[in-house]
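>>> structure for this input, please:
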Amino acid sequence: MNDLNQIMVASKIVNNWSIERDTTEPTISLKLWTSSYQWAKSTKNITCILNDSSNKYYIPGRDLQSITQANLDKYENKKWTTFNQFKKSFDIWCLEMKNDPNWKTSKCNCPAFFKNYICKHAVGMTIRL
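From the prediction side, this is the model:
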């Protein structure tokens, strides 16, 4: 399987992984509140894209402090030519918060969110805002 086929298969898996989500309200543990607060205090530069129904926050992953416009464009357009470029897209987390009072319906593409339907980014961004 060549790099392009691997990228397409991986992209489909990740996309299908998160299309439907349980509508049960997630539980926020003390441990999650604590890690969210610590994350909210961080100095990471977060990029916000506004639209009518929601806001998308692009968050640098791992130890990165910011996201370049070039990397954000690649991420948004999903135009990778190698598997390594695809893996690098996981240095950006995308948190989508609807423009309504129930912030717990936010969606993030980090691994913790996929597992628990809540993550430090969703809680932390709520703290920041």
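>>> the helix ranked longest in the chain packs against which elements?
Longest helix of the chain, by residue count under DSSP state H: helix 3-17. Counting contacts by 3 or more Cβ pairs under 8 Å, 6 or more residues apart in numbering; DSSP states H and E, helix 3-17 packs against helix 83-88. (Glycine included, C-beta is placed from N, CA and C.)
>>> give the rounded mean pLDDT of the helix it packs on.
Regarding helix 83-88, the rounded mean pLDDT is 83.
>>> tell me which helix or strand comes right after that helix.
strand 92-98 (DSSP states H and E).
>>> how about the strands in the protein?
Under the criterion DSSP state E, the chain contains strands at 47-50, 54-60, 92-98, 107-108.
>>> looking at those strands, which is closest to Lys12?
strand 92-98 (17.2 Å; Cβ to Cβ).
>>> roughly how far is that closest one from the heart of the chain?
5 Å (Cα atoms, centre = their mean, to the nearest Å).
>>> output it as CSV, restricted to C-alpha atoms.
Extracted C-alpha coordinates of strand 92-98, given in CSV (Å, rounded to 0.1, in the frame of the first residue of the first chain):
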residue,chain,number,x,y,z
ILE,A,92,-3.1,20.2,16.0
TRP,A,93,-6.3,19.6,18.0
CYS,A,94,-9.5,21.1,16.7
LEU,A,95,-12.1,22.0,19.3
GLU,A,96,-15.6,23.0,18.0
MET,A,97,-17.9,24.8,20.5
LYS,A,98,-21.4,25.6,19.4
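>>> listing partners with orientation, what would you give for it?
Strand 92-98 pairs in its sheet with strand 54-60 (antiparallel), strand 107-108 (antiparallel), by DSSP bridges.
>>> distance check, Leu64 against Pro101.
In this view, Leu64 and Pro101 are 31 Å apart by Cβ to Cβ, to the nearest Å.
>>> more neighbours: which of these two?
Leu64 (14 against 7; other Cβ atoms under 10 Å).
>>> where does pLDDT dip in the chain?
Residue ranges of the chain with pLDDT under 70: 1, 17-24.
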